[in-house]
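Participant: sequence first, then the predicted structure:
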Amino acid sequence: MILTRTKLECLLFKTHGCQFLGMTAITVPKMPKSKGGKKNPHHGHLIKISRVNGVIGWRYSSAVKRQLEREGKPDAFRAFPRVWGQRVNDTPLVVHINEDGCHFYLEVKLQQRDWGYFDTRTGQRIDDATVRPWLSKEPPDIKGLAAEDAATFPKFYDIAAATRQGTNAPVILRDYRIDHIAELRIGGEEYRTPLWYEQQFYLPTPLKITETTTPVAGKPAPTLFP
């Protein structure tokens, strides 16, 4: 089923309770045209594709406490308030107003994920280490990492989250802007937005998400890319 951004927002406003989902998000990484006097070879030709299996309608503090209990550790965790955005009551959404306007985000507890950078001219995946030096923000430290940086560099964020939570396997939260969602699978239904069809030309294989896997400390999740 094809949904516009507005219809997708309406669907999520009507979604209540804890539910599993599969999702594909497509964004354009922020990067300058040049850096250090050198022309950026990726500027204007790069997209980031994230494939996610996760849970919505959950409570962050409760999830961390359950993880600590599973690991046999004392519960000393206290959640901080969100640093940006406001949760919309009885929905899995967060609303945020900035200079770009008002945007809704889907708050997701990650169970499994994979992401990569793709060249829109060739459809080829570009190695993360090749792209990272050209990105607008490259955090020097995991402490105090901003949410937007955490989304770009998830491994740094995971380390920081596990350290603060006191868990071996961190409970990872991600916020996905609604207009960046290309595909959503929830409640036995599959939804696609115009973004899916706009970017499908660049993708070498169909995007498919087939299962949800609970993360295990020390074991990498299976890739969601072919």
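Facilitator: Structure's in. What do you need?

Participant: so in terms of bridging, what pairs with the residue positioned nearest the centre of the chain?
Facilitator: Centroid check for the chain by CA atoms, centre = their mean gives Arg174 as the closest residue, at 4.8 Å. Beta bridges link Arg174 to Val108 when assigned by DSSP bridges.

Participant: correct me if wrong: it contacts Leu110.
Facilitator: Yes - using CB atoms under 8 Å, Arg174 is in contact with Leu110, at 5.7 Å. Glycine gets a C-beta too; all of them are placed from N, C-alpha and C.

Participant: between those two, which contacts overlap?
Facilitator: 52, 54 (CB atoms under 8 Å, 6 or more residues apart in numbering).

Participant: how about the contacts made by the residue nearest to the centre of the chain?
Facilitator: By CB under 8 Å, 6+ apart, the neighbours of Arg174 are 52, 54, 107-108, 110, 113, 151.

Participant: Pro32 now?
Facilitator: Taking CB under 8 Å, 6+ apart, we find Pro32 in contact with 40, 43, 134, 136.

Participant: repeat that with 10 Å
Facilitator: The contact partners of Pro32, by CB atoms under 10 Å, 6 or more residues apart in numbering, come to 39-40, 43, 134-136.

Participant: want to throw those into TSV with secondary structure, neighbour count and distance to Asp90?
Facilitator: Shown next, in TSV, are the contacts of Pro32 (DSSP: H, G, I helix; E, B strand; the rest coil; neighbours: other CB atoms under 10 Å; distance: CB to CB, whole Å):
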residue	secondary structure	neighbour count	distance to Asp90
Lys39	strand	9	49
Asn40	coil	18	44
His43	coil	14	42
Trp134	helix	20	41
Leu135	coil	20	36
Ser136	coil	12	36
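
Participant: out of those, who's nearest Gly101?
Facilitator: In terms of CB to CB, no member of the contacts of Pro32 lies closer to Gly101 than Ser136, at 20.4 Å.

Participant: excluding residues flanking it in the chain, which one is nearest that closest one?
Facilitator: Of all residues not flanking Ser136 in the chain, Lys30 sits nearest, at 4.2 Å (CB to CB, 6 or more residues apart in numbering).

Participant: with Ile97 instead?
Facilitator: Excluding the flanking residues, the one nearest Ile97 by CB to CB, 6+ apart is His103, at 7.8 Å.
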